[in-house]
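Colleague: Requesting a structural model of the entry that follows:
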Amino acid sequence: MKAVFQAKRIVAILAWILGAVFVYSGITKSIEPAGFAEAVGNYRILPWYLINLAAIFLPWWEIAPGLALFFPSWRRPAAKIILILTGLFTIAVVTALIRGLDISCGCFGEDSSRVGLRTLLIDIGILLAGGMILRDVGGSNPVPQD
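Modeller: Sure thing, here's the model as predicted:
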């Protein structure tokens, strides 16, 4: 039973950290939508008429599930959204790397690093963390009793 309690604590801490990262990321992007729109456009994935919409709405799609991760009953749906977003971010990073684009990742607004292996590894880490939360080791699902 102690192992189950420890697992719940680990998932809760993981959810709080991931939530804080997504809230911070969304806020930094929402403060400077023009700069974020430029970062989105630099990936050369979206058509020009969707770039500004993505720059306006995407930060809020990060903030909302980021905040939801702080509440145990909302963690699973929030983790699903974060996994979808991070999956899309990972695809964008991989395509930028394959095409040799030397661009800012846009991850944290003006303070973003360049797209590179580090960015890809961070995305993979977020995918793993989101998967652990989605698995709901520490969520509201009852633990089967032997």
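Colleague: can we go C-alpha only for contacts and neighbour counts from here?
Modeller: Will do.
Colleague: where does this structure dip in pLDDT?
Modeller: 1-5, 137-146 (pLDDT under 70).
Colleague: mind listing the strands for it?
Modeller: Read by DSSP state E, the chain holds no strands at all.
Colleague: helices or strands next to the longest helix belonging to it in the packing?
Modeller: Determined from DSSP state H, the single longest helix within the chain is helix 2-31. Applying 3 or more C-alpha pairs under 8 Å, 6 or more residues apart in numbering; DSSP states H and E, one finds that helix 2-31 contacts helix 33-42, helix 48-68, helix 117-135.
Colleague: how about 10 Å then?
Modeller: For helix 2-31, the packing partners by 3 or more C-alpha pairs under 10 Å, 6 or more residues apart in numbering; DSSP states H and E come out as helix 33-42, helix 48-68, helix 75-98, helix 117-135.
Colleague: Minimum distance to residue 15: which of the ones you listed has it?
Modeller: Among those, the nearest to residue 15 by C-alpha to C-alpha is helix 117-135 (6.7 Å).
Colleague: what comes up buried for the closest one?
Modeller: 119-120, 123, 126-127, 129-134 (16 or more other C-alpha atoms under 10 Å).
Colleague: could you dump it to CSV, C-alpha only?
Modeller: These are the backbone C-alpha positions of helix 117-135, laid out as CSV (Å, rounded to 0.1, in the frame of the first residue of the first chain):
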residue,chain,number,x,y,z
LEU,A,117,17.9,17.9,-30.1
ARG,A,118,17.3,19.5,-26.7
THR,A,119,13.9,20.7,-27.7
LEU,A,120,13.0,17.2,-29.1
LEU,A,121,14.2,15.6,-25.8
ILE,A,122,12.1,18.0,-23.7
ASP,A,123,9.0,17.2,-25.9
ILE,A,124,9.7,13.4,-25.4
GLY,A,125,10.0,14.0,-21.7
ILE,A,126,6.6,15.8,-21.6
LEU,A,127,5.0,13.0,-23.6
LEU,A,128,6.3,10.5,-21.1
ALA,A,129,5.1,12.6,-18.1
GLY,A,130,1.7,13.2,-19.7
GLY,A,131,1.4,9.4,-20.4
MET,A,132,2.1,8.7,-16.7
ILE,A,133,-0.5,11.2,-15.6
LEU,A,134,-3.0,9.8,-18.2
ARG,A,135,-2.3,6.3,-16.9
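Colleague: Thanks a lot, see you next time.
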